[in-house]
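# Predicted model and sequence below, questions to follow.
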Amino acid sequence: MNDPDPMTQQAALAVAVATPVAGIYDYLAGPALDASRGSLVTVPFGRRHLLGIVMGPALGDVPMTKLRAVETLVKLPPLSDALVLFIERVAAWTMAPIGAVVKMVLSQPAAFGRPPQQKRYYYKIPEAGVRLTVSRQKIIDYLAAQTLPQTPDDHKILGEISPDAPSNTPSHVRSATGVTAAAVSAACGVSQAVLNGMEDAGLVRVELVSADQLPPALRHDLSHGAPRVTFTADQQKAAFHLRQAVGKGFRACLLDGVTGSGKTEVYFEAVEAAVAAGQQVLILLPEIALSAAWRARFTARFGVPPVEWHSDISPAQKRKSWRFVLQGRADVVVGARSALFLPFSRLGLIIVDEEHEHAFKQEDQVIYQARDMAVLRGRLEQVPVVLASATPSLESWVNAGKTVLPARYDYLQLPKRVHNARLPDITAIDLRQTPPERGRWLAPPLVEAIEARLQAGEQSLLFLNRRGYAPLTLCGACGTKVTCPNCDSWMVAHRLAGRLRCHHCGHESRPSNDCKACGANDQMQACGPGVERLAEEVLFRFPESRFALLSSDTVGTPKAAEAFIRSVSDGEVDIIIGTQMAAKGHHFPHLTLVGVVDADLGLAGGDLRAAERTFQMLSQVAGRAGRESRPGAAMLQTLEPENPVLVSLIAGDRDAFLAQEAAARNAAGMPPFGRLAAVIIASPYEDRLHQALRQLGANRPQFDAVQIYGPAIAPIGFLKGKHRARLLVRADKGVNIQHILNDWLGVIKLPSSVRMQIDIDPYSFL
Ligand code: ADP
Ligand code: ZN
């Protein structure tokens, strides 16, 4: 990497190791002498052996004689320059230790082990020119039929490739493979011995190829043959724009269109263009678990399923996919936010679908916003990034030039649902005027509306973003609430499971009939509704109806979700009672009514994004109604129908909402008009926490363009067994907030029992 030291005749290089440490470290190059930046190595680290990435020449801060040596150079192509730069920039932006980011990239250590198993593939040799026995002739005929056309190169790309020969071959130009012994035996009814004999006699050729199945090639030429949708003028315009953008460097586009307006169909055009140009595509989706319908759409469009990357994919599959992505042999990857850190070698396009979803924000270890980091990666890779949503985030709205700030993104709009399906009619039910009966949660107008749907054979969805039976259990005699021992929070009653659960730390206990505080018997009362309690009310009010619960407790796996969605689509359910899981992009053709049980719920917290989040969630869930020919209705139960969020929702005026919200944030200097960072301090010991806070307070920076709020005890002051406090740093847009935090926090030595986390652009304020 750099010139060898004249004394030791050794070269050294700098390595970022895959463990959460902030520095990069010098090592003697050893086997990595000629390694370039991005090469993958294993190194000794303390008493461990870790994977790492060669970052460049040695830093030289440790004398050569004290350095340990790289152990192995991994036989895989190096990471791209853009990816290495991305790692550095993500670490700098999020202020996470670079090793933690490296760990996310090298998330599949198994991918670096021995190359995949080799399988023997048999090929016919042209014109052997000898007389053959019947069974041998049979085999030759069979091979001849299987392996044409054939060149020596065909199978080479299937095998393990050498690190210096990354495949730039898009999968669609790959051709036929050889035949396994098993296939030959099955087809010709001969034993392995016959094949072995032929191999020895030089009558067949044998190749060793990787046992890992390549992802199937995309049929990107489908558009020229199979019938597809005929685009509307708006769709055509957007699709044209996106196709044009492929191959022309970085740009970000906001694709804004109501649910069902054809956004997916439109961005598939860009996917096709990129794949046809021999590039890889990354598609990020928020709730991958529920994307069976999405997968089906993709498969119908491109002939094969995409490579998937999320928590439900097995480690074995991930190991394979990781290598294929690095080797440039996986064309399209669809995944959750962690897919953003895959080692693409010829990335050509990034799509972030449902870009407004808060699930893109990772809240632990490396705290990052995948949508923002996707734009960063697109910039470094010099490829276009498409952000799609029916309810764009305020950030993207502002970046698309919709407010006082100049546009940085292209803006593409699909204003209409296809087939002129109408958007649902949204109304409020004022609970002050028509409250439900005591101990019930559905107000009379909503009950009537459900009744009407049942009569008409149509489906209803009751939406309440609260899992379990009741959010609070208290003693009717003394008023004591059942709380979590590890957190400042209530234990949520889950009657189906027969448990009380803390939704913050997962602590569980058995519900008791006795009050732990005063000892009273049979006085424990459930307060407030969760979806399970609504189900009880539905059973009481509509005993004949078929209802089903949709929450992560009842529908926990992708398979279960798929089955659930199918049963709803097949009309086996009259009433769905669901949490936010029900708000996502499902298409329920017979659903014509959405009842929001508590439209005020999300607004109560009042954090920076409470209004935005509520608006997005309620418009998403309302959008579930009336997606086909029958018109849909959404009813919002509220105690405050005059709340501006609800007023905009009811008026169907999303842009008015965004304008209001933007104005309010601008006036307060809040993101995206200003910058925000949270510093969270936690310790099992309260005194240590306060000691740390005093230190932080004493050193706080003072600048005109920066305000520091706090420290204050966090809204959840005790979480998972730790006391917590927060500081909030606000700065004007032009300020480098990371720089300020580095200067301030870099000099502070915290006791080992105190942990500090920095959250740049926080979404959670707990
Ligand atoms: P979105 O992603 O905006 O929700 P989709 O792309 O999923 O919208 O489109 C909704 C449905 O309409 C899909 O079934 C899609 O195949 C269909 N569709 C989209 N555009 C057209 C069109 N121009 N003609 C007919 N069907 C279309
Ligand atoms: Zn807890």
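Structure received. Ligands and ions are numbered 1, 2, ... in the order given.

# can we go C-alpha only for contacts and neighbour counts from here?
OK.

# Low-confidence bits of the stretch 201-350 of the chain, can you list those?
Confidence mapping of the stretch 201-350 of the chain against pLDDT under 70 gives the ranges 209-214, 219-227, 287-290.

# for ligand 1, what are the nearby residues on it?
Applying Cα under 6 Å from any ligand atom, one finds that the stretch 201-350 of the chain approaches ligand 1 through 229-232, 257-265.

# Quick check: beta-bridge partners of residue 53?
On the basis of DSSP bridges, residue 53 is bridged to residue 16, residue 40.

# Residue 534 and residue 112: what is the separation?
Distance of residue 534 to residue 112, computed by Cα to Cα, to the nearest Å: 50 Å.

# Spell out which parts of the protein neighbour ligand 1.
By Cα under 6 Å from any ligand atom, the residues of the chain that approach ligand 1 are 229-232, 257-265, 418.

# In strands, which of those fall?
residue 257 (DSSP state E).

# Can you redo the residues of the chain next to ligand 1 as CSV, where the extra columns are distance to ligand 2?
As requested, the residues of the chain next to ligand 1 are exported to CSV (distance: Cα to the ion, whole Å):
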residue, distance to ligand 2
229, 50
230, 53
231, 51
232, 51
257, 40
258, 38
259, 37
260, 40
261, 42
262, 42
263, 40
264, 39
265, 43
418, 46
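
# Of the residues of the chain next to ligand 1, which count as buried by neighbour count?
257-265, 418 (16 or more other Cα atoms under 10 Å).

# Now residue 93: which helix or strand?
helix 81-94 (DSSP states H and E).

# Pull out the buried positions in that helix.
81-91, 93-94.

# Stretch 28-40 now?
Of all the residues in stretch 28-40, those buried under the rule 16+ other Cα under 10 Å are 28-30, 32-33, 35-40.

# next one: stretch 396-404
Result for stretch 396-404 [16+ other Cα under 10 Å]: buried residues 396-400, 402-403.

# Give me the mean pLDDT for that stretch.
Stretch 396-404 carries an average pLDDT of 95.

# what's near enough to touch the closest residue to ligand 1 within the stretch 301-450 of the chain?
Closest approach between the stretch 301-450 of the chain and ligand 1, counting by Cα to the nearest ligand atom: residue 418, at 5.6 Å. With contacts defined as Cα atoms under 8 Å, 6 or more residues apart in numbering, residue 418 is in contact with 260-262.

# Tally up the residues packed near the closest residue to ligand 2 within the stretch 551-700 of the chain, please.
Here the residue of the stretch 551-700 of the chain nearest ligand 2 is residue 684; by Cα to the ion that distance is 14.0 Å. Neighbourhood size, residue 684 [other Cα atoms under 10 Å]: 17.

# Excluding sequence neighbours, find me the nearest residue to it.
Closest residue to residue 684 apart from its sequence neighbours, by Cα to Cα, 6 or more residues apart in numbering: residue 722 at 4.3 Å.

# Touching, that neighbour and residue 687? I think so.
No: checked against Cα atoms under 8 Å, the pair residue 722 and residue 687 is beyond contact range at 11.8 Å.

# In terms of packing, which of the two has more residues around it?
For residue 722 and residue 687, the more surrounded residue by other Cα under 10 Å is residue 722, and the numbers stand at 19 against 11.

# pLDDT at the residue of the stretch 301-450 of the chain closest to ligand 1, what is it?
Per-residue confidence (pLDDT) for residue 418: 77.

# Flag every buried residue along the one helix or strand residue 708 maps to.
Taking DSSP H and E as the criterion, residue 708 maps to strand 706-719. Across strand 706-719, burial judged by 16+ other Cα under 10 Å covers 706-708, 711, 713-714, 716-719.

# Of the residues of the chain next to ligand 1, which belong to helices?
263-265 (DSSP state H).

# Tell me the secondary structure at the nearest residue to residue 518 once chain neighbours are set aside.
Leaving aside its sequence neighbours, residue 518 sits nearest to residue 478 (Cα to Cα, 6+ apart; 6.6 Å). Classification of residue 478 by DSSP: H, G, I helix; E, B strand; the rest coil places it in coil.

# No further queries at this time; thank you.
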